[in-house]
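model the structure of this input:
(one chain, ligands or ions: 1)
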Amino acid sequence: MCFRIFFVRVGDQQTVSIITCNPFPTFYFLPLQKEIVVTQQPSYAKESFDLSFELFPPKTAESEAMLWQTVDELMGFEPTLITCTYGAGGSTQTKTLEVLDGVLSRYPSVAVASHLTCVGRTKDQLREYLQEAQQRGVTSIVALRGDPPQGETTFNPVANGLHYAVELVALIKEEFPEFRILVAGYPETHQEAVSPEEDLKHLKEKCNAGGDTIVTQLFYDNSDFFRFRDRCSSIGITKPIIPGLMPVTNFKQIKRIATLCKARLPNSFTQALEKAGDDADAQFEAGVDYASKQAEELLSDGVPGMHLYVLNKSPAAIRVLEQVGMTRP
Ligand code: FAD
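Numbering: from 1, shown residues only. Below is the predicted model of the structure:
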């Protein structure tokens with residue numbers, strides 16, 4: 001007697017039908033509670049390569065439409081992780097999980113990560129958020145402290161809140177051990193750090209507390225990344241370090257980047273953009289060209305992954321990925 005098992009979808013309900021085909025075919029329909037979906041998690045192993053894209057919650061119906069178009073276009077590159085920011089630049093915090101829900105309902109097998117900051121939340125509120133994230137199928141958290149409010153230079157936690165990202169990492173590890181935890185690293189040193197050495201020491205504390213992977217702040221000079229990685233290794237940080245890249249495609253962005261995260265833009269790059277003058281297409285090309293060279297060098301160095309800050313738009317990311325030889329199947 002031979003058995004064949006078919007998974008059949010009827011309307012919204014998935015059924016399993018077992019057919020015994022010898023001697024007589026028999027059909028059994030067994031309703032399943034839940035669709036079985038195998039989620040691919042990024043491994044960031046030396047021998048593999050994991051691509052991730054960072055989205056942010058859209059504010060208008062128009063920008064939401066662009067977000068989903070972007071996701072559809074980028075999914076062809078088979079990312080293993082999609083992340084969504086939380087409260088960045090004053091954006092709404094509640095929409096993060098809705099965006100990730102949307103990604104999961106379109107692409108159930110991709111792993112999704114919610115960024116989460118300590119800004120304005122008590123420990124109990126952070127726990128509630130983590131619980132909800134887990135229920136919605138989020139498997140990773142980018143655990144962050146967050147920035148001080150605009151105009152302030154120091155971060156002050158709310159009563160019963162957390163002061164540093166390391167405390168959030170420890171809380172997740174202790175109470176939600178199923179989550180994979182990503183933490184932020186700064187190749188050019190965090191703006192508030194007392195010194196590069198202290199900053200790195202605190203990064204190591206985040207890894208020791210449970211951080212699985214380090215995703216870097218965007219940078220435009222690969223030598224900053226390589227030096228950072230060497231310095232991490234010299235103090236015993238062994239977690240994978242994933243470079244964060246954001247193609248700059250116009251002058252306006254440069255100003256924003258310089259103010260927000262103080263990333264240094266090498267002269268060769270600003271000169272290439274200046275040469276493009278007011279021509280928006282030429283500025284775009286200069287930005288894509290620069291980011292592609294950056295990505296190419298990182299890839300040939302054997303980085304275990306790459307995190308693209310795509311800003312909910314796909315054209316620059318697509319061009320960069322194609323230029324480095326990644327194709328959409
Ligand atoms: P921490 O690791 O806590 O470090 C903050 C500062 O405190 C550093 O200067 C560090 O050296 C110092 N420090 C750390 N621990 C200690 C200690 N125990 N004692 C004394 N000093 C200490 N922001 C958002 O609002 N939303 C987002 O979604 C978001 N996503 C991001 C994603 C990535 C990949 C990155 C790189 C940044 C992101 N940010 C986001 C920005 C981030 O919130 C800011 O850079 C913030 O200022 C620092 O967060 P952190 O998690 O690195 O903080």
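
for the most centrally placed residue in the chain, give its distance to the ligand.
Nearest to the mean C-alpha position of the chain, by C-alpha atoms, centre = their mean, lies residue 83 at 3.6 Å. Residue 83 is 8 Å from the ligand, where distance means C-beta to the nearest ligand atom, to the nearest Å. In short, each C-beta sits where N, CA and C put it, glycine included.

give me the three-state assignment for the closest residue to that residue other than its chain neighbours.
Leaving aside its sequence neighbours, residue 83 sits nearest to residue 113 (C-beta to C-beta, 6 or more residues apart in numbering; 4.2 Å). Following DSSP: H, G, I helix; E, B strand; the rest coil, we place residue 113 in the strand state.

can you tell me the closest non-neighbouring residue to the one residue in the stretch 201-329 of the chain that gets nearest to the ligand?
As assessed by C-beta to the nearest ligand atom, the ligand sits closest to residue 202 within the stretch 201-329 of the chain, at 3.5 Å. Nearest non-adjacent residue to residue 202, counting by C-beta to C-beta, 6+ apart: residue 166, 6.7 Å away.

residues in contact with the one you found?
202, 205, 206, 209 (C-beta atoms under 8 Å, 6 or more residues apart in numbering).

switch the cut-off to 10 Å
Going by C-beta atoms under 10 Å, 6 or more residues apart in numbering, residue 166 touches 143, 145, 183, 202-211.

repeat for residue 145
117-119, 155, 157, 162-168, 184, 190, 192, 206.

swap the cut-off to 8 Å and go again
With contacts defined as C-beta under 8 Å, 6+ apart, the neighbours of residue 145 are 117, 118, 119, 155, 162, 163, 164, 165, 168.

tell me the secondary structure at the last one.
Following three-state DSSP, the label given to residue 168 is helix.

burial of it, as a residue count?
Residues near residue 168, counting by other C-beta atoms under 10 Å, number 29.

thought it was touching residue 126?
Yes: assessed by C-beta atoms under 8 Å, residue 168 is found in contact with residue 126 at 6.8 Å.

intersection of neighbour lists for these two?
By the contact definition C-beta under 8 Å, 6+ apart, residue 168 and residue 126 are jointly contacted by 116, 118, 162.

ok so, going back, from the contacts of residue 145, keep the buried residues only.
Among those, the ones that count as buried by 16 or more other C-beta atoms under 10 Å are 117, 118, 119, 155, 162, 164, 165, 168.

about what we covered before: keep only those of the contacts of residue 145 that are also close to the ligand.
Among the contacts of residue 145, the ones lying near the ligand by C-beta under 6 Å from any ligand atom are 117, 164, 165.

okay then, goodbye and thanks.
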